[in-house]
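Chemist: quick one, structure for this:
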Amino acid sequence: NVYPSFKNKNSELFISFNPKTMTLTYENLTTKYMQVNSIDLYYNNKVYTIANNKTQNFSTELSPESRETLLVTELIEESFHKNITKKKALGTQIAFGFSVKYTVGDSTQNKTLYKRDKMSLYSLIKEK
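Modeler: The predicted model follows:
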């Protein structure tokens, strides 16, 4: 399984992914309550919805200036690279990232934090 490290933030929300522990951390940077409505993981052209508590969707409230950590247990087929050679790995790009839909305070307006990074498969395997 090949996963990259990932980080993204704006003035309200910080998100990071640790591929060694398969944990996703998200942090409310505001002084208001935050409702995190959904988190999606992007691996190449596939989008996987992250669920918490083994439910079909994701919804959680974060207290002001607090953080949560979630173990990502979803099986991502695209992360498996069998019979890979150095030449193939050098020529293979991976697009990886997350999007988070959330609201802050009493607002009902959905906001989005989104980013996808592209990197070579070879550089990720070399880091392992």
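Chemist: as a quick check, tell me the outermost residue of the chain.
Modeler: Lys87 (28.1 Å; CA atoms, centre = their mean).
Chemist: let me see the contact set for it.
Modeler: Residues counted as contacts of Lys87 (CB atoms under 8 Å, 6 or more residues apart in numbering): none. Where C-beta positions appear, they are placed from N, C-alpha and C, glycine not excepted.
Chemist: what packs against the strand ranked longest in the chain?
Modeler: Using DSSP state E, we find that the single longest strand of the chain is strand 93-104. Counting contacts by 3 or more CB pairs under 8 Å, 6 or more residues apart in numbering; DSSP states H and E, strand 93-104 packs against strand 6-9, strand 13-18, strand 34-43, strand 111-120, helix 121-127.
Chemist: from the chain's centroid, how far away is the last one?
Modeler: Pointing back at helix 121-127 there. Distance of helix 121-127 from its chain centroid, counting by CA atoms, centre = their mean, to the nearest Å, is 19 Å.
Chemist: please apply the same query to the shortest one.
Modeler: The chain centre lies 8 Å from the centre of strand 6-9; the measure is CA atoms, centre = their mean.
Chemist: low pLDDT regions in the chain?
Modeler: Along the chain, the parts satisfying pLDDT under 70 run over 52-58, 127-128.
Chemist: cheers, nothing more for now.
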